[in-house]
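Trainee: Sequence plus predicted model, see below.
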Amino acid sequence: MGIRLDKISPRRTTAHRAMMVAAAITLAACQGPGAVKARLRGPDPPAAGADAVGPEQEAALARAAIKLPGLKAEDLLLVPAGAFTMGSDDVPDEAPRREVTLPGFFIERGEATVARFAAFVAQGGHAQRKNWSAAGWAWRQKDGLRPHASAPARHVDLPVVMVSQYEAEALCRHAGRRLPTEEEWEKAARGSDGRRFPWGDDADPTRSNHWHIKHAPPVTADRSWPAVSAMRGVSTHGALHMAGNVWEWTASPFTAGRGAVDKQPWRVIRGGDWTSLLTYQRTSHREPAPPQERRPTLGFRCAMTAPATQAAP
């Protein structure tokens with residue numbers, strides 16, 4: 001009998017994650033050196049047909065005026081003003097399920113890439129005080145003088161990782177943008193109909209880059225996908241990888257839901273990553289992370305407030 005990955009409790013622990021990784025490596029070792037090597041060799045591209053879109057995805061791409069040739073991850077998508085369903089009553093940190101109304105805003109189509117962060121550093125943006133919050137600048141003066149966005153071997157089109165929330169915030173400011181709030185992030189991922197995943201309510205394992213046993217290497221072996229890929233997982237607003245690939249920073253402090261504990265001044269991260277089970281890629285799932293953390297499966301995308309003339313529903 002198979003395990004329903006979407007039904008496993010979201011109450012994950014570090015020990016549980018380590019156990020799953022160890023089990024996958026053990027399985028690979030039992031299959032021989034070739035299997036181990038296959039799990040450590042780097043990212044696989046999306047499976048054949050992963051970018052083949054159905055009618056619903058075609059409609060979402062059309063609404064966002066997406067034309068497949070020449071797509072850029074930093075292209076802005078308009079999320080109109082209005083109400084949407086946020087949260088869930090199933091998990092304390094996500095509760096309560098509620099209606100939230102937001103003004104219009106723009107959000108980037110995909111995650112910030114290795115190439116984009118490299119340009120930010122090369123242009124001097126990482127060293128400019130104006131791009132940083134007070135807390136971020138203090139962190140940079142102490143710990144962040146040597147930006148290490150990614151290993152040199154990472155492809156320029158992959159999402160940039162190993163960046164703190166402070167660095168993500170600084171890049172966005174350098175571009176005249178900002179990090180999205182968690183409310184904005186969830187609306188861009190979920191749409192206005194309360195769906196569990198960006199593509200709908202079905203936990204379809206073909207629509208995102210997520211944990212499954214044949215792709216279960218340790219987190220040092222990157223298996224993220226390019227920031228513009230996996231069109232079948234597009235959200236109703238046209239955003240890509242709002243489920244899986246890499247976690248994403250938001251601007252919001254982590255305030256716990258019903259019955260949970262606040263982690264201030266930690267920040268909310270969203271979306272899950274390529275090591276996550278599908279349950280962690282639900283549109284309402286949220287986790288805390290300290291803003292100075294640099295993680296090999298944590299990136300970001302930028303947002304921007306929409307002018308009032310474009311914010312009408």
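Mentor: Good, I have the coordinates. Residues are numbered from 1 along each chain as shown.

Trainee: so R178 bridges to which residues?
Mentor: Partner residues in beta bridges with R178, using DSSP bridges, are A303.

Trainee: quick one: contacts for it?
Mentor: R178 is in contact with 169, 172, 251, 302-305, counting by C-beta atoms under 8 Å, 6 or more residues apart in numbering. From N, CA and C alone the C-beta is placed, and that goes for glycine too.

Trainee: Filter those residues down to the buried ones, ChimeraX style.
Mentor: To isolate the buried ones among the contacts of R178 in ChimeraX, judged by 16 or more other C-beta atoms under 10 Å, type:
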select :169,172,251,302,303,304
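
Trainee: got CSV for the contacts of R178, with distance to P159 too?
Mentor: As requested, these are exported to CSV (distance: C-beta to C-beta, whole Å):
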residue, distance to P159
E169, 16
C172, 14
A251, 18
C302, 13
A303, 16
M304, 19
T305, 24
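
Trainee: Run through the strands of the chain in chain order.
Mentor: 76-79, 82-86, 98-102, 105-108, 247-254, 263-270, 286-289, 298-299, 303-305 (DSSP state E).

Trainee: hmm, back to that, could you work out the most separated pair of the contacts of R178?
Mentor: Pairwise distances across these peak at 15.1 Å for E169 and T305 (criterion: C-beta to C-beta).

Trainee: just to revisit the earlier point, least reliable of the strands of the chain going by mean pLDDT?
Mentor: Of all the strands of the chain, the minimum mean pLDDT falls on strand 263-270 (a mean of 85).

Trainee: Check which helices and strands that strand sits against.
Mentor: In terms of contacts (3 or more C-beta pairs under 8 Å, 6 or more residues apart in numbering; DSSP states H and E), strand 263-270 is packed against helix 182-190, strand 247-254, strand 286-289.

Trainee: Using TSV, please lay out the ones you listed together with distance to R267.
Mentor: Below are those laid out as TSV (distance: least, C-beta to C-beta, whole Å):
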stretch	distance to R267
helix 182-190	9
strand 247-254	6
strand 286-289	6
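
Trainee: Go through those and name the closest to A115.
Mentor: Closest among those, using C-beta to C-beta: strand 247-254, at 17.7 Å.

Trainee: for the closest one, packing partners?
Mentor: Counting contacts by 3+ C-beta pairs under 8 Å, 6+ apart, strand 247-254 packs against helix 165-174, helix 182-190, strand 263-270, strand 286-289, strand 298-299.

Trainee: right, so of those, which gets closest to N209?
Mentor: strand 298-299 (12.4 Å).

Trainee: Partner strands of that closest one and their direction?
Mentor: In the sheet, strand 298-299 lines up against strand 247-254 (parallel) (DSSP bridges).

Trainee: could you give the angle of the strand it pairs with to helix 165-174?
Mentor: Put simply, strand 247-254 runs at 100 degrees to helix 165-174, going by axes from the mean of the first three to the mean of the last three C-alpha atoms, to 10 degrees.

Trainee: Let me see the contact set for G125.
Mentor: Contacts of G125 (C-beta under 8 Å, 6+ apart): 131, 170-171, 174.

Trainee: how does this structure divide into domains?
Mentor: What automatic domain parsing lists as the domains of the chain is 12-41, 53-310.

Trainee: Mind telling me which of those the model trusts least?
Mentor: Looking at these, the bottom one is domain 12-41 with a mean of 36.

Trainee: Now do the same contact list for the closest residue to D75 other than its chain neighbours.
Mentor: Excluding its sequence neighbours, the residue lying closest to D75 (C-beta to C-beta, 6 or more residues apart in numbering) is R109, at 4.7 Å. Neighbouring residues of R109 by C-beta under 8 Å, 6+ apart: 64, 66, 71-77, 228, 238-240.

Trainee: Now, of those residues, which are buried?
Mentor: 64, 66, 71, 73-77, 228, 238-240.
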